[in-house]
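Trainee: Test case, fold it:
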Amino acid sequence: MKLAILAVGHKPPAWVAAGCAEYVKRMPRELPLSVIEVKPEPRGSKSREQLLAAERTRLLVAMQGCERMVVLDERGVDLPTLKLAERLEGWMRVGGDTAFVIGGADGVDETLKRQASECIRLSSLTLPHALARLILCEQLYRAISIVRKHPYHREG
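Mentor: Below is the predicted model:
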């Protein structure tokens, strides 16, 4: 099983890229993680719906081969770390690659959200998109650490 974070946006700051690279490197061989940048649609005179539709097309191309899509959305389900670990363990049992979608400045197309296996949120706080990438990388590493009973996560 593979995990992919598909993030609409431009190249993140070096400290975000370095942080993501560190967690990608820590992931076990049997659960590789990749962070894939998806080019945002140029704004110009396009409507929000047109922008999101163009980004949806790019996201669908980037996630080919993924059986499961999880969209990150501010109105998504609040998923504590231990629940994420349970989900990850279940996905590993079932198999199939999983794509986590982080939308651009205008969010994620509603059609894509409806196609998702689930929509989750990282926080009730508004996070910069680059920081959301890093937090998700860390949380996926933490989740697999919990599944493997590694002492990285300390509950209590």
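Trainee: Tell me how far the lengthiest strand in the chain lies from the chain's centre.
Mentor: In the chain, taking DSSP state E as the definition, the longest strand is strand 68-78. Its chain's C-alpha centre and that of strand 68-78 lie 9 Å apart, by Cα atoms, centre = their mean, to the nearest Å.
Trainee: got the buried residues for it?
Mentor: 68, 69, 70, 71, 72, 73, 76 (16 or more other Cβ atoms under 10 Å). (C-beta placed from N, C-alpha, C; glycine too.)
Trainee: which one of the residues you listed is nearest residue 101?
Mentor: residue 71 (4.7 Å; Cβ to Cβ).
Trainee: Leaving out sequence neighbours, find the closest residue to the closest one.
Mentor: Distances taken as Cβ to Cβ, 6 or more residues apart in numbering put residue 116 closest to residue 71, at 4.3 Å, once the chain neighbours are dropped.
Trainee: tally of neighbours for residue 99?
Mentor: 25 (other Cβ atoms under 10 Å).
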